[in-house]
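*Asks:* quick one: sequence and predicted model below, then my questions.
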Amino acid sequence: MTTKLIKVKAKEIFTKTKLSGCDWVINQYVGCQHSCLYCYAKFISRWRPGNYGKWGSWVEAKMNAPELVKGRYVDGFVYMSSIADPYQPIEKKLKLSREILENLNKKTKLAIQTKSDLVLRDKDLFKKFKNIEVGLTINSFKGKTKEIFEPFSPSNKRRIKALKTLKKNKIKTFTFVSPIIPEIIDLKKIIKETKKLTDSYWFEFINIRGAGKEFLDVLKRKYPKSYDVLRDKKKFQEFIKESKKIISSENIRIRDIVIH
């Protein structure tokens, strides 16, 4: 897919957040080339011109973001990023995430989350921080299912391999298991494949409202059993209950279980 790149200058780069476990977010990019069908950040399109195009086809880059973090320190935990993947393909060229890490106060408490093994490029910089953790989103999508839900993100196999490399480099890791969808996501398999590679877990059940109508329409057409569970409150609650049993039966550190 061709990406429309919109270069902008920001006034501020640290934004207060109510996200669980975080105080600030850094969003050097708005919009994401991974083009995930269920992406909750699609709502941001409401405040962007209509000529930007479909979600996933454009990326807004705050070109002065590295300068905005220079000489700054914010108290609390900083999360990178909440409305775009900091290591989406455009980062390979623009290197905004890398330059931010170079300029950021190394005492900053930082959490980085991505679906890309491009994150390994910056492991030399991660080691300079006193309090940092790097997480990969793992969800067991593969084959046609991945093509439908996450067409342009690296495979889960590559993400797990990235976790392994980070762990070998003594960098604190976390696994973000999301989105958890009935009949599609294999929790036991995900935990088994990542248990030795991660220090902690976050689990998130699919946010039906955030995922939007297009996601639900595709789910209804291609995965009717999943759709049936999600649209039946009693069945969905039972699915959540059973999933929690699986999670709690494992000897893992659970940071949060997010249910929207």
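*Replies:* Alright, I've got the coordinates.
*Asks:* surely Trp55 meets Gly31?
*Replies:* Yes - counting by Cβ atoms under 8 Å, Trp55 does reach Gly31; the two are 7.1 Å apart. Glycine gets a C-beta too; all of them are placed from N, C-alpha and C.
*Asks:* those two: which is more packed in?
*Replies:* Each of Trp55 and Gly31 has its neighbours counted (other Cβ atoms under 10 Å); Gly31 has more, 28 against 20.
*Asks:* wait, the more buried one sits on Glu60?
*Replies:* Yes - in terms of Cβ under 8 Å, Gly31 counts as a neighbour of Glu60; the distance is 5.5 Å.
*Asks:* what sits in contact with each of these two?
*Replies:* Arg48 (Cβ atoms under 8 Å, 6 or more residues apart in numbering).
*Asks:* quick one: the strands in the stretch 1-150 of the chain?
*Replies:* Applying DSSP state E, counting those that start in this stretch to the stretch 1-150 of the chain gives strands spanning 4-8, 14-16, 24-26, 29-30, 58-62, 77-80, 109-114, 131-138.
*Asks:* out of these, flag the one nearest Asn103.
*Replies:* Nearest of the strands of the stretch 1-150 of the chain to Asn103, taken as Cβ to Cβ: strand 24-26 at 11.3 Å.
*Asks:* output stretch 205-212 as PDB, nothing but the C-alphas.
*Replies:* What follows is stretch 205-212 as a C-alpha-only set of coordinates in PDB (Å, rounded to 0.1, in the frame of the first residue of the first chain):
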ATOM      1  CA  PHE A 205     -10.200  -8.500  25.100                       C
ATOM      2  CA  ILE A 206     -11.500  -7.000  21.800                       C
ATOM      3  CA  ASN A 207     -13.000  -3.600  22.200                       C
ATOM      4  CA  ILE A 208     -16.100  -4.100  20.000                       C
ATOM      5  CA  ARG A 209     -17.100  -0.500  19.900                       C
ATOM      6  CA  GLY A 210     -13.500   0.700  19.300                       C
ATOM      7  CA  ALA A 211     -13.000  -1.800  16.500                       C
ATOM      8  CA  GLY A 212     -15.900  -0.400  14.600                       C
END
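*Asks:* is the residue located most distally from the centre of the chain in a helix, a strand, or coil?
*Replies:* The centre of the chain is farthest from one residue, Lys234, which by Cα atoms, centre = their mean lies 28.5 Å away. Put simply, Lys234 is helix when judged by DSSP: H, G, I helix; E, B strand; the rest coil.
*Asks:* tell me how far it lies from Ile240.
*Replies:* Distance, Lys234 to Ile240, using Cβ to Cβ, to the nearest Å: 11 Å.
*Asks:* what's the overlap in contacts for those two?
*Replies:* Taking Cβ under 8 Å, 6+ apart as the contact rule, Lys234 and Ile240 touch no residue in common.
*Asks:* just give the nearest non-adjacent residue to Leu94, would you?
*Replies:* Leaving aside its chain neighbours, Leu94 sits nearest to Ala61 (5.8 Å; criterion: Cβ to Cβ, 6 or more residues apart in numbering).
*Asks:* show me the contacts for the one you found.
*Replies:* Shown in contact with Ala61 (Cβ under 8 Å, 6+ apart): 5-8, 28-29, 90, 94, 96.
*Asks:* rerun at 7 Å
*Replies:* Going by Cβ atoms under 7 Å, 6 or more residues apart in numbering, Ala61 touches 5, 7-8, 28-29, 90, 94, 96.
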